[in-house]
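Enquirer: Kindly return the folded structure for what I paste below:
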Amino acid sequence: MLSRTEDTAMAYLSFYIQQNLPELSFHTQVREMLEYDSIHHTEYAKTLYIYLKNSQDNKPTATELFIHRNTLLQRLNKIRELWNPDLQDADNRFYLLFSFYHYYCVCHTVAFAERDTI
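Expert: Numbers count the residues shown, from 1 in each chain. Next up is the predicted model:
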């Protein structure tokens, strides 16, 4: 079965960058958020990823995260306080979103695949 380019382009691009330009795989702020979340048991990275994925729309973001809208707003305020990501700049938003995609969709898939083959 052949897959459409639209279905595989992001995964291919992510794998290509990981193999050839690993230093560009993650936005610095994404790395910092993931590290912070790991240490403090928070979900700021996941929150920002879902928020960007939902075009910065609060309602679908809160619904997807299974949290109250006020909880989402508190998390977004904390993200701004700690990292102040520039969400007005389209290039920065894309790099953030791509970095999150790479982490959540590619890195986790590879980790699960490697775990299942052990």
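Enquirer: which phi and psi does the most centrally placed residue in the chain have?
Expert: For the chain, the residue nearest the mean C-alpha position is Phe100 (2.0 Å; CA atoms, centre = their mean). The phi/psi pair for Phe100 (degrees, to the nearest 10) reads phi -60, psi -40.
Enquirer: close enough to count as contact, it and Tyr49?
Expert: Yes - Phe100 lies in contact with Tyr49 (CB atoms under 8 Å); the separation is 3.7 Å. C-beta coordinates here come from the backbone N, C-alpha and C atoms, glycine included.
Enquirer: circling back to that earlier point, contacting residues for the residue nearest to the centre of the chain?
Expert: Counting by CB atoms under 8 Å, 6 or more residues apart in numbering, Phe100 touches Val30, Ala45, Leu48, Tyr49, Leu52, Lys53.
Enquirer: Among these, name the ones in strands.
Expert: Among the contacts of Phe100, no member falls in strands (criterion: DSSP state E).
Enquirer: With respect to Leu65, which of the residues you listed is nearest?
Expert: Nearest to Leu65 out of the contacts of Phe100 is Tyr49 (CB to CB; 9.9 Å).
Enquirer: Which strands or helices does whichever strand or helix holds Glu81 pack on?
Expert: According to DSSP states H and E, Glu81 maps onto helix 69-82. The elements that helix 69-82 packs onto, with contact taken as 3 or more CB pairs under 8 Å, 6 or more residues apart in numbering; DSSP states H and E, are helix 44-53, helix 58-65.
Enquirer: Next, the angle helix 69-82 makes with the last one.
Expert: In terms of direction (axes from the mean of the first three to the mean of the last three CA atoms, to 10 degrees), helix 58-65 departs from helix 69-82 by 100 degrees.
Enquirer: What residues sit buried inside helix 58-65?
Expert: Thr61, Ala62, Leu65 (16 or more other CB atoms under 10 Å).
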